[in-house]
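Novice: Model the structure of this input:
(2 chains)
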Amino acid sequence: MDLAGPSQSAGYLAQWSVSTVSSVAWQELDGELVVYLEEAGSTHLLGAYAGATLLTLLEENPPLNLNDLVTRLQGAGEKSDTHDTGGSSSDLIGVLAEFERIGLIRRS
Amino acid sequence: MASAELGRRFSGSGVRLRTGPVVFCVRSEMEALQIGVRKLYHEHEVVDSGGFVDFDVSIESPRSVRRWLRPQAHFRLDGRLPFNPLPADQAFPMMEWGLNWCISSHLHRYLMIHSAVVARGAGAILLPAPPGSGKSTLCAALNHSGWRVLSDELAIIDPLDLNLVPVPRPVSLKNASIDVIRQFAPEAVFGPVIHDTSKGTVAHVRPTVESILRQDEKSPARWIVFPKFEKGATTRLETLSRARALVRLVDNSFNFPVYGRKGFELLAEMVRKCDCYELTFGSLEEALPLLNALLEENGACSTADGP
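Specialist: Presented below is the predicted three-dimensional model:
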């Protein structure tokens, strides 16, 4: 789903949360994240930025909008040497779109 | 077991063979099947009648005109026919393929990966790969180079301790790999060469005696190597991230959906303890030293584990 262009403002207002936290399992191996979605039975390898994004979403209970996520990720990057949190908003939009496509997150 | 007694059992109560924790009972009056079993399971333990059997199979001629006209063979499991018939001369490979299916479809007390597994010294190498990647060829060559074979097709993982469970059975080779192994290991014992199967020309190689004698010794996974045979390729062994290895193991799993999240956690835990690689190879002579070097790097090779 493309959140850029004419619908960009809608994308910035949308809030995101992990679909069903209890059905998401993840393992970090040598700095990379592998996610297992129990309901879909699918397994995914996440790049560093996508992994950091997912961990941020998992840590936060209320849904987050784009700006919140960017802020949280930047804050996490200042504390962590291992997670890549330096993406732009358009990078984040791409990550969120992919997460939504595979059923990992939902928007509200 | 005496040949005559074996023949009686084939036609009567069945020949019960044990491979690791699996006992299967085979009945058949088909000569092609009996020849294959006699030769390739020659070193396996024949279990006495009366005990528990995991899989009760028979390879039989149909009771129709196909008994004589372009004769066929049926694979029967517990009275059912799960597959279409095959030409009668394919009776032995049919049994082997059928047993692979039996194990991978039913033995869910273990987590199973489509993989060859060989072990030596401190641990085992998993060689997960789809058909045609060269894993069985590597498996047979390693087996005749001092490694014991746990399986050429099924990595069977005990979920209680993550160790690999041996189920050593004949190694299945196809097409050009048959002659490759004949030349590599002239001492290897081959079964009949069968042509025109769905996989081309196939033949099976008996696992070494050591593989069978040690079939009750589980082995921890120590290396995961994803092989890919490419004719003419420059042979290379390249490090693979554990995360990528985990995803590929899941893709190669037979019964991952049965285990779900628990299976994901188990595989991740196993992968954490392994060094992971991709092997692209154009010849056995180039590939084997790279795999043997893994053992030497680990410092686990000892004279006690020699061929």
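Novice: Pull up the gap between B:Cys139 and chain A, please.
Specialist: For B:Cys139, the distance to chain A equals 26 Å [Cβ to the nearest Cβ, to the nearest Å]. C-beta coordinates here come from the backbone N, C-alpha and C atoms, glycine included.
Novice: which non-adjacent residue is nearest that residue?
Specialist: Closest residue in space to B:Cys139, ignoring its immediate chain neighbours: B:Ala116 at 3.9 Å, by Cβ to Cβ, 6 or more residues apart in numbering or on different chains.
Novice: avg pLDDT for stretch A:67-80?
Specialist: The average pLDDT for stretch A:67-80 rounds to 76.
Novice: got it, and stretch B:87-106?
Specialist: Per-residue scores along stretch B:87-106 average to 95.
Novice: could you list every residue that touches the residue nearest to B:Cys139?
Specialist: With contact set as Cβ atoms under 8 Å, 6 or more residues apart in numbering or on different chains, B:Ala116 has these partners: B:Leu126, B:Leu127, B:Ala129, B:Lys135, B:Ser136, B:Leu138, B:Cys139, B:Val149, B:Ser151, B:Asp152, B:Glu153, B:Ala155.
Novice: try it again with 6 Å
Specialist: B:Leu127, B:Lys135, B:Cys139, B:Asp152 (Cβ atoms under 6 Å, 6 or more residues apart in numbering or on different chains).
Novice: Out of those residues, which sit inside helices?
Specialist: Taking DSSP state H, the ones among the contacts of B:Ala116 that sit in helices are B:Lys135, B:Cys139.
Novice: ok, the contacts of B:Ala116 vs B:Thr208, which is closest?
Specialist: Checking those against B:Thr208 by Cβ to Cβ gives B:Cys139 as the nearest, at 11.5 Å.
Novice: What residues does A:Leu58 make contact with?
Specialist: Applying Cβ under 6 Å, 6+ apart, the residues near A:Leu58 are A:Val18.
Novice: do that again at 8 Å, thanks
Specialist: A:Leu58 touches A:Val18, A:Val21, A:Val24, A:Trp26, counting by Cβ under 8 Å, 6+ apart.
Novice: ok, it to chain B distance?
Specialist: The value you get for A:Leu58 to chain B, if Cβ to the nearest Cβ is used, is 15 Å.
Novice: Can you say which helix or strand has that residue in it?
Specialist: Per DSSP states H and E: A:Leu58 is located in helix A:48-59.
Novice: buried set for that helix?
Specialist: Neighbour counts using 16 or more other Cβ atoms under 10 Å in any protein chain shown place A:Ala48, A:Tyr49, A:Ala50, A:Gly51, A:Ala52, A:Thr53, A:Leu54, A:Leu55, A:Thr56, A:Leu57 of helix A:48-59 among the buried residues.
Novice: ok now it, how far from the chain's centre?
Specialist: Relative to the mean C-alpha coordinate of its chain, helix A:48-59 is positioned 5 Å out (Cα atoms, centre = their mean, to the nearest Å).
Novice: go on, stretch B:61-71?
Specialist: Mean-position distance between stretch B:61-71 and its chain equals 30 Å (Cα atoms, centre = their mean).
Novice: got the buried residues for that stretch?
Specialist: Result for stretch B:61-71 [16+ other Cβ under 10 Å]: buried residues B:Ser61, B:Arg66, B:Pro71.
Novice: could the residues you listed be laid out in JSON lines, adding distance to chain A, secondary structure and pLDDT?
Specialist: Shown next, in JSON lines, are the buried residues of stretch B:61-71 (distance: Cβ to the nearest Cβ, whole Å; DSSP: H, G, I helix; E, B strand; the rest coil; pLDDT from 0 to 100):
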{"residue": "B:Ser61", "distance to chain A": "41", "secondary structure": "coil", "pLDDT": "87"}
{"residue": "B:Arg66", "distance to chain A": "40", "secondary structure": "helix", "pLDDT": "74"}
{"residue": "B:Pro71", "distance to chain A": "43", "secondary structure": "coil", "pLDDT": "88"}
